[in-house]
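Q: coords please:
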Amino acid sequence: MAGGLVALLDDIAALAKLAAASIDDVGAAAGRAGVKAAGVVIDDTAVTPRYVVGLTPDRELPIIGKIALGSIANKLVVILPLALLLSAFAPWALTPILMLGGAYLCFEAAEKILEALLGEHHADEVAAITDAKALEKRQVLGAIRTDLILSAEIMVIALSQLPADMSFVTRAGALVLVAFAITIGVYGVVALIVKMDDIGLHLSRGGATGAVAGFGRGLVTAMPVLLTALSHIGVAAMAWVGGGILLHGLEEFGLGAIPHALHHGSEVAGAATGALGSVVEWLVYALGSAVAGLIVGGAIAGLLHLLPRKGH
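A: Here you go, the predicted model:
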């Protein structure tokens with residue numbers, strides 16, 4: 001899944017050349033920036049399918065369309081102007097903003113784990129809403145709210161990858177290109193995921209026989225497992241991405257003891273595993289980032305759970 005999204009971003013430069021020679025700079029910058037934001041893209045893709053839980057199949061694609069439009073509005077109407085203004089007049093503010101977003105992602109991950117441990121489930125809340133329009137509105141607003149954080153991370157990470165001497169117009173063009181490419185990639189994949197069971201039903205009941213029908217039945221059987229796995233991947237991705245953003249922010253502020261120790265540990269683990277070294281190094285650092293994220297997120301979630309009790 002992630003490879004397809006990165007490949008999509010790699011094609012941006014080629015598409016840009018169709019417009020004008022000067023747009024080549026925009027395409028190249030957008031490609032570099034988009035690839036650097038791939039971790040958050042994976043998170044976004046893994047998290048979004050849970051927002052169609054409890055909705056009828058005929059409303060799944062319209063809901064995803066609404067969320068995608070909300071995502072574009074988040075990126076272009078809210079985040080892009082603010083990011084460009086900050087980069088021009090207060091570049092020092094970008095790292096703290098990224099860290100706030102990272103802390104929110106950590107909190108979301110820790111909250112989901114606490115809900116599972118305490119027996120509180122999002123699906124139960126969804127089932128309690130009997131009005132279809134109210135449920136749809138809740139899901140869309142919830143998805144767009146979460147997307148705002150993820151989109152802010154994507155756009156600010158993308159902005160940080162653009163050369164400092166790039167013109168304002170080229171910088172804005174690169175970010176617009178990243179916004180559209182990532183939104184189309186993410187929500188295209190999400191739409192495919194949530195409709196995969198319907199595709200399977202069509203293949204198994206459409207008069208097909210043999211391998212095609214068997215493949216369709218396999219899709220239907222596999223989808224509940226895949227959606228459950230994606231929910232877990234989404235939680236892990238939020239902790240990993242959020243923790244990684246916080247660690248990078250600490251380095252930016254000169255508080256690099258923990259990030260440097262994690263970097264060193266991952267390099268040692270990678271060097272000790274030969275041909276798999278780069279994979280092991282990445283996994284160790286990602287795991288360390290996730291642990292750091294869950295520690296921060298757990299502290300925030302615990303505090304928020306305790307505050308109402310103090311008021312009683």
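Q: helix, strand, or coil at residue 162?
A: Remark: residue 162 carries the secondary structure label coil [criterion: DSSP: H, G, I helix; E, B strand; the rest coil].
Q: my guess is it contacts residue 174, does it?
A: Yes - the criterion here is Cβ atoms under 8 Å, and residue 162 meets it with residue 174 at 6.0 Å. Bear in mind the C-beta positions are built from the backbone N, C-alpha and C, glycine included.
Q: ok, those two, which is more surrounded?
A: residue 174 (29 against 20; other Cβ atoms under 10 Å).
Q: quick check: buried residues in the host helix or strand of the more buried one?
A: Residue 174 is part of helix 168-194, with elements assigned from DSSP states H and E. By neighbour count, with 16 or more other Cβ atoms under 10 Å as the criterion, the buried positions of helix 168-194 are 170-179, 181-183, 185-191, 193-194.
Q: mind giving me the packing neighbours of it?
A: Helices and strands touching helix 168-194, as assessed by 3 or more Cβ pairs under 8 Å, 6 or more residues apart in numbering; DSSP states H and E, comprise helix 2-10, helix 12-16, helix 23-36, helix 38-47, helix 57-73, helix 80-89, helix 132-160, helix 211-252.
Q: for the helix or strand just after that helix, what is the average pLDDT?
A: Helices and strands here follow DSSP H and E; after helix 168-194, the next one along the chain is helix 196-205. Computed over helix 196-205, the mean pLDDT rounds to 75.
Q: outside of helix 196-205, which residues touch it?
A: Outside helix 196-205, the residues that touch it by Cβ atoms under 8 Å, 6 or more residues apart in numbering are 57, 212-220, 223, 226.
Q: pick out the most distant pair among these.
A: Based on Cβ to Cβ, the longest span within these runs between 57 and 214 and measures 22.3 Å.
Q: name the helix or strand of the chain that has the lowest mean pLDDT.
A: helix 12-16 (a mean of 42; mean pLDDT, DSSP states H and E).
Q: residue 114: neighbour count?
A: Around residue 114 there are 15 other residues, counting by other Cβ under 10 Å.
Q: what about the stretch 151-300 of the chain, any weak spots by pLDDT?
A: Regions of the stretch 151-300 of the chain meeting the criterion pLDDT under 70 cover residues 206-209.
Q: hmm, residue 175 is touching residue 158, no?
A: Yes - counting by Cβ under 8 Å, residue 158 is a contact partner of residue 175 at 6.0 Å.
Q: against residue 94, how distant is residue 71?
A: 21 Å (Cβ to Cβ, to the nearest Å).
Q: looking at the two, which is more packed in?
A: Neighbours around residue 71 and residue 94, counted as other Cβ under 10 Å, are more numerous at residue 71. The numbers are 25 against 18.
Q: for that one, give me its contacts.
A: Contacts for residue 71 were tallied using Cβ under 8 Å, 6+ apart; they are 144, 147, 151, 183, 186-187.
Q: export those to a markdown table and tack on distance to residue 138?
A: A markdown table is the format used below for the contacts of residue 71 (distance: Cβ to Cβ, whole Å):
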| residue | distance to residue 138 |
| --- | --- |
| 144 | 11 |
| 147 | 15 |
| 151 | 20 |
| 183 | 22 |
| 186 | 21 |
| 187 | 19 |
